[in-house]
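A.B. asks: Next input, structure requested:
(3 chains)
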Amino acid sequence: MVHALRRKLASRIMVTLTALSAAIAVSALLAVLAFVAIRGAGALNVDLLTQLPTPVGVPGGGVANALVGSLIVIGVAALLAIPVGLGAGIYLSEFGGNRFDDLVRYLADVLSGVPSIVIGIFVYNLIVSRQGHFSALSGGVALSIMMLPSIIRTTDEMLRMVPDTQREAALALGITRWRTIVSVVLPGARAGVTTGILLAVARVAGETAPLLFTAFGNPYWSARIDAPIATLPHTLFTYAISPYSDWQSKAWGTALILTAMMLITSILARRSRRFA
Amino acid sequence: MTTAERPLVTTSTLGLGRSDSAATLVRAAGAQAPAAPASAEATSTLSMHSMHVERLAAGFGRFTAVDDITHTIPARTITAIIGPSGSGKSTFLRCLNRMHEEVTGAWAKGSVRLGSEDIYAARIDPVQVRRRVGMVFQKPNPFPTMSIYDNVAAGLRLNQWGRVPTLDEKVERALQQAALWDEVKDKLFQPGAALSGGQQQRLCIARALAVEPEILLMDEPASALDPIATLRIEELMRNLVRNYTIVIVTHNMQQAARVSDRTAFLMMDDDRAGRLVEQGPTDEIFTRPRDKRTEDYITGRFG
Amino acid sequence: MAVVDGTERELTRSRIRIGDRLFRFWAWSMAALLLGLMLLLIYELLDGAWLALSTFGLEFLTERSWNPVSARYGAWPAIYGTVVSSLLALAVAGPPALLAAIFLAEICPRWLEPSVSFLIELLASIPSVVYGLWGLQVLVPAMRDPIQQWLYTHLGNLPAFGCQPLGIGMMSAVAILAIMVLPFAISVSRDVLRAVPNDQREAMLALGATRWETIWRAVVPFARSGIIGGLLLALGRAVGETMAVTMLIGNRPDVSSCLFSPAYTLSSQIANEFAESVSPLHVSSLMGLGLALFAITLLLNGGARLLVWRVDRGNRRRR
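C.D. replies: Purely as a prediction, here's the structure:
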């Protein structure tokens, strides 16, 4: 009977430990978020959002060009990745059932595990070194490669959740296969697919490593696709590793903007998934 | 359920110990005398191997699965619980070793006495209850990462820290009781999942027997097996009943008629809660049912 | 032949079916594009690293010096730093990740579980640079003063703690990596644990096991290979993680047994030197590091996916 007590106690202790571990993970999140919120709020002002960067020591200045630059690069990435991702996802779910789609699924998994810096030097070799200059376009290509796996996977999964009876109903009406997919299957999975794309965008919006040698960064305004462009994460990186305290403070401000953007997107995306 | 309806007998040693002093025995006998049919069975209900269910109700959330069941399970008998699907047979069975409450939202009221002790009393540890009331499930569920030997030893190792003395003998005895020893003695250290379905189920029986329970609950133990494997399980049950009290849930009336000593028939009422319609010796239930619904069911008119 | 609305309706194939073919071809080519992309990726990496590989041969992997002045480049310090930092990070994050996953899958009340899972998943969506910034300004000072100083004074005779604490270095990189892989390891393990069929839990409970015994002796062993797969995936994450590590590890191509000293990882060395390298051999050597990094993550992910898939498939067969 002493055993029984000991076992009960051991069970209690371990169960408590599991709760504690979960609490540690949550408090790590809160620790990071708290610093970003507090120090970031101290650095946040209108200039940060509307002005160009200033040299060290010159007061004021902001990251407005990086804000616009990030939007451009992400926009390019989304434009490139969405059609490819949707197409591959549709292929897997609607035309699959052979060895090739096992391969494609496996490749999507593998690609999602390729380190972002490797994608960065790949695109550098592929585009930047051939063109001879850094560009917003190459940054967009790098991010689009990073978005692909999750768009493919969610499209595949979401389309599969549309019941076959709906496909059969449409086909039985004499509607062709592709019209069935476009006007019955895709709309049925719209909420899930949109969420997946949104999450993929949110995930790459904070990526820095693939942009280091592609979009490169730019202290001035630029909206050109074939020229180097500033992005939020890259600007944040430059400020963060600088030894100047006003730049470091701007880094916290930028971190707040970036984190808020990403958290809001992923919260919105998840919420829409829950309602879908 | 008020305290007045609870059984009088609640004394025991630590964590469902085995105190049956003469005084508690007498009181226990008094408490359940009205429910038990007069005969030799009345004395056997006092045994550690008997169970006595009184006004048991159980369910999930707002749903009541079984209601108002009062039933005695005499020692060293096989009791078959039969009834149409949805009549709460499994819920009732799972209340007998407090497995029912492992489902989220599950609740149970009333009393279930093991020997003289109410297993639903506040100070009772369900973990200890399950060591005395073993269970075999519908689908064979050996632990796939363990060998045959380790599967049987799993329950024994729980109660010991470090090496378990005489583990080999206990494992062998359990496998022999489950009539599996001869088939597996040369491959004790191979994975249990490699056995055939019928062997797996006997392995699960051996696993349950190894901790030396007094009662063995079986939830449709043969429903996933072929006829030959089913027959072996039934033979096994007839052998085991010399030392164990067995309660089996089955949807197969032939099986109930073949193996059981006593049969209880559950059926759901209009409120969808399962109630005990009739119970008694198996041959009586199957040849001279007193209730019209029992007769309809066993003659296959519904269910 | 039926005539409805005055038009003849034929059962023969009409030209509209070309739409189906085109559509199918488009979808197929998008899928094929992924295959092409992977092949191109491998080709470009090999092509970029070719100069270094042909100059140094396989010694590139084991050479310990990295010296742009004498034009000798070896990947060993970066490989060593990568392996040590990510294994240590996994050793730190693995146990609490498993426990937290057990909490979420087996213990946490149903009403609470989604919010905790959500918070932990948010942790995974914070950008790497933000972790880097937090690491530099919050973690490193805290590391240097109370923690590393204490270890140095009390355990300084151990090689791991036997050098001047700088804050920045291997130990801080390990700490930030551990925090970063934690949410990922938790969510993969949680999903694997959830997939364990209930009859396994019931079998153990019915033997008279306590809650923890049920989890530890039935649920976790059943999910074993999936959990290992999940931890390997987390390891792959740690191996490829770039920005936060670059900001914290100190960026020096040294092989040191001391945890306080600066080091390099494959990714941080690329991030740090790629833009400023001018000689073709230097660039190619960095490409070589990228190829090594790609190979390591490919191995880890390939193995991990197989393990996770096996659990999934095993379950499907049981059902």
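
A.B. asks: which parts of chain B sit against chain C?
C.D. replies: Within reach of chain C by C-beta under 8 Å from any C-beta of the partner chain, chain B has these residues: B:97, B:99, B:102, B:104, B:127-132, B:134-135, B:137, B:139, B:141-146, B:154-155, B:158-159, B:204, B:207-208, B:211. No exception for glycine: its C-beta is placed from N, CA and C like everyone else's.

A.B. asks: Contact partners for residue 216?
C.D. replies: Unless you meant another one, I'm taking chain A. A:134, A:139, A:228-229, A:234, C:275 (C-beta atoms under 8 Å, 6 or more residues apart in numbering or on different chains).

A.B. asks: actually chain B
C.D. replies: B:133-136, B:205, B:208-209, B:240, B:244-247.

A.B. asks: separation between it and chain C?
C.D. replies: As judged by C-beta to the nearest C-beta, to the nearest Å, B:Leu216 and chain C stand 10 Å apart.

A.B. asks: which SS class is that residue?
C.D. replies: The three-state assignment at B:Leu216 reads strand, by DSSP: H, G, I helix; E, B strand; the rest coil.

A.B. asks: that older thread, just checking, which of the contacts of B:Leu216 belong to helices?
C.D. replies: Mapping the contacts of B:Leu216 onto helices (DSSP state H) picks out B:205, B:208-209, B:240.

A.B. asks: Need these in CSV (columns: distance to chain A, pLDDT and neighbour count).
C.D. replies: CSV is the format used below for the ones in helices among the contacts of B:Leu216 (distance: C-beta to the nearest C-beta, whole Å; pLDDT from 0 to 100; neighbours: other C-beta atoms under 10 Å in any protein chain shown):
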residue, distance to chain A, pLDDT, neighbour count
B:Ile205, 24, 94, 27
B:Ala208, 19, 94, 28
B:Leu209, 20, 93, 24
B:Leu240, 26, 93, 20
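
A.B. asks: biggest separation within those, which pair?
C.D. replies: Across the ones in helices among the contacts of B:Leu216, no pair lies farther apart than B:Ala208 and B:Leu240, at 10.3 Å, counting by C-beta to C-beta.

A.B. asks: Using just helix, strand and coil, how would you label the closest residue to C:Val140 other than its chain neighbours?
C.D. replies: Spatially, and ignoring its direct neighbours in sequence, C:Val140 is nearest to C:Gly167 (4.2 Å; C-beta to C-beta, 6 or more residues apart in numbering or on different chains). Here C:Gly167 is recorded as coil under three-state DSSP.

A.B. asks: Can you give me the neighbour number for C:Gly167?
C.D. replies: By other C-beta atoms under 10 Å in any protein chain shown, 20 other residues sit near C:Gly167.

A.B. asks: filter the contacts of A:Phe216 down to the ones close to chain B.
C.D. replies: By C-beta under 8 Å from any C-beta, no member of those lies near chain B.

A.B. asks: hmm, which of these are the buried ones?
C.D. replies: A:134, A:139, A:228-229, A:234 (16 or more other C-beta atoms under 10 Å in any protein chain shown).

A.B. asks: ok, which pair from the contacts of A:Phe216 is furthest apart?
C.D. replies: Greatest spatial distance among those (C-beta to C-beta): A:Ile229 and C:Ala275, at 15.2 Å.

A.B. asks: Name all residues that make contact with the nearest residue to A:Gln51 once chain neighbours are set aside.
C.D. replies: Closest residue in space to A:Gln51, ignoring its immediate chain neighbours: A:Gly62 at 3.7 Å, by C-beta to C-beta, 6+ apart. Residues counted as contacts of A:Gly62 (C-beta under 8 Å, 6+ apart) are A:47-53, A:250.

A.B. asks: Repeat that for C:Leu286.
C.D. replies: Residues counted as contacts of C:Leu286 (C-beta under 8 Å, 6+ apart) are A:121, C:269-270, C:273-274, C:277.

A.B. asks: To which secondary structure element type does the residue positioned nearest the centre of chain A belong?
C.D. replies: Geometric centre of chain A, nearest residue: A:Arg203, 1.5 Å, by C-alpha atoms, centre = their mean. Here A:Arg203 is recorded as helix under three-state DSSP.

A.B. asks: any idea how far A:Ile121 is from it?
C.D. replies: Using C-beta to C-beta, to the nearest Å, one obtains 20 Å as the distance from A:Arg203 to A:Ile121.

A.B. asks: ok, the contacts of A:Phe216 vs C:Arg17, which is closest?
C.D. replies: Nearest to C:Arg17, judged by C-beta to C-beta, of those is A:Gly139 at 41.5 Å.

A.B. asks: Can you tell me the closest non-neighbouring residue to that closest one?
C.D. replies: Leaving aside its sequence neighbours, A:Gly139 sits nearest to A:Ala215 (C-beta to C-beta, 6+ apart; 3.0 Å).

A.B. asks: The one you found and chain C, how far apart?
C.D. replies: 12 Å.

A.B. asks: Out of the buried ones among the contacts of A:Phe216, which is nearest to C:Glu63?
C.D. replies: Nearest member of these to C:Glu63, counting by C-beta to C-beta, is A:Phe134, at 30.5 Å.

A.B. asks: Isn't the closest one up against A:Ala215?
C.D. replies: Yes. Contact criterion C-beta atoms under 8 Å: A:Phe134 and A:Ala215 qualify, at 6.7 Å.

A.B. asks: about what we covered before: which residues touch the residue nearest to A:Gly139?
C.D. replies: Going by C-beta under 8 Å, 6+ apart, A:Ala215 touches A:69, A:73, A:134-136, A:138-140, A:142, A:228-231, A:234.
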